[in-house]
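**Student:** Starting from these lines, generate the structure:
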Amino acid sequence: MVFVFRCLFLTLRKRIVPAVPGYSPHCEPDDEHRSIFCVWHDAILGAIFCNRTVNVAALVSQNYDGTIIADTLDAVGIQPIRGSSSRGGAAAVRQMFSLAEHKHLVIATDGPRGPRRQVKDGIVYLASQSGRPIVPVAVSCSWAWRPKGRWTDMLIPLPFGQFFVLGGEPIRVPPNLLPQELGPYRELVQKRMDELQQITDRIAAGEKLEWPVAQEAQAAASSSGEARIARAA
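**Tutor:** Numbering: from 1, shown residues only. Below you'll find the predicted structure:
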């Protein structure tokens, strides 16, 4: 399966642009840029295969589908962290805190059970306790297959299409927040994810928007989601 998806992604015309240089799972993480990358569960194939990652760990559920994903992550050099809200959560949190000291982390915040594309408190808690920023990431493509079943709506690009990844500006969460204080920051992450997804979907659909570069990307997303985006040099 890994070989098949690697071959598939080699056929795609990929545009991968972070809003702020250095905040990318494709760059060697240093203490300034180590981050928690927030993606939607339906975009995990793109997150795994769009480009070679460097020093990255990813949270994976302990169900059967999670086992398949964990094996795939191992094969491409991403360290899987097994756990979810229902199984192995405490151990996974401890491991994530440890790994955040020297790795990037990737979390599909809505998880395999959903609700689809709804940010949960866990990623905000982890950012608050670890001191690492949350970097929202949106993925889209010009045409895709979305199989139904256990992985409902999983985005699988079709060969020879265009594939887009837009990274947002890092979101800093205050340290040591109490559970009842996480809500406003969860809503902020939700807003940024929704805005970035809207822009990326519009670009993938062929709208005449220009591609973002550096901080201008998040400035566009934070205003109305419809501002013009500066073309990458």
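
**Student:** So for the spatially most central residue of the chain, what's the pLDDT?
**Tutor:** The residue lying closest to the centre of the chain (CA atoms, centre = their mean) is Val39, at 2.6 Å. pLDDT recorded at Val39 is 96.

**Student:** other SSEs contacting the top strand by length along the chain?
**Tutor:** The single longest strand within the chain, with elements called by DSSP state E, is strand 134-141. Where contact means 3 or more CB pairs under 8 Å, 6 or more residues apart in numbering; DSSP states H and E, strand 134-141 is packed against strand 36-39, helix 44-49, helix 121-130, strand 162-167, helix 183-204. Glycine gets a C-beta too; all of them are placed from N, C-alpha and C.

**Student:** For those, could you give me a markdown table that also reports distance to Thr11?
**Tutor:** Shown next, in a markdown table, are the helices and strands packed on strand 134-141 (distance: least, CB to CB, whole Å):
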| stretch | distance to Thr11 |
| --- | --- |
| strand 36-39 | 22 |
| helix 44-49 | 11 |
| helix 121-130 | 32 |
| strand 162-167 | 10 |
| helix 183-204 | 16 |
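
**Student:** Would you mind finding the most buried of those?
**Tutor:** strand 36-39 (a mean of 25; mean count of other CB atoms under 10 Å).

**Student:** hmm, who's touching whichever strand or helix holds Ala92?
**Tutor:** Here Ala92 sits within helix 89-99, counting by DSSP states H and E. Contact with helix 89-99 is made by 57, 59, 79, 81-84, 105, 126, 129-130, as judged by CB atoms under 8 Å, 6 or more residues apart in numbering.

**Student:** Out of the residues you listed, the closest to Pro29 would be?
**Tutor:** Comparing the contacts of helix 89-99 against Pro29 with CB to CB places Leu105 closest, at 9.7 Å.

**Student:** picking that back up, now the helix holding Ala92: average pLDDT?
**Tutor:** Here helix 89-99 scores 81 as its mean pLDDT.

**Student:** how about it: buried residues?
**Tutor:** 92-93, 95-96, 99 (16 or more other CB atoms under 10 Å).

**Student:** Can you find the helix or strand of the chain with the lowest average pLDDT?
**Tutor:** helix 216-223 (a mean of 44; mean pLDDT, DSSP states H and E).

**Student:** So for stretch 147-160, first residue to last residue, what's the gap.
**Tutor:** Taking CA to CA, to the nearest Å, stretch 147-160 runs 19 Å from one end to the other.

**Student:** Please read the previous query as pertaining to stretch 133-153.
**Tutor:** 28 Å.

**Student:** can you give me the offset of it from its chain's centre?
**Tutor:** 10 Å (CA atoms, centre = their mean, to the nearest Å).

**Student:** Tell me the buried residues in that stretch?
**Tutor:** Neighbour-count burial for stretch 133-153 [16+ other CB under 10 Å]: 133-142, 144, 151.

**Student:** Tell me the one of the residues you listed nearest Phe49?
**Tutor:** The closest of these, once distances to Phe49 are taken by CB to CB, is Val139, at 10.8 Å.

**Student:** Return the distance of that closest one relative to Ala43.
**Tutor:** Remark: distance between Val139 and Ala43 (CB to CB, to the nearest Å) = 4 Å.

**Student:** Residues in a beta bridge with Lys14, which ones?
**Tutor:** Phe163 (DSSP bridges).

**Student:** between the contacts of helix 89-99, which is closest to Ser35?
**Tutor:** So of the contacts of helix 89-99, ranked by how close each gets to Ser35 (CB to CB), first place is Leu105, at 7.5 Å.

**Student:** re earlier: any idea which of the contacts of helix 89-99 the model trusts least?
**Tutor:** Ser84 (59).
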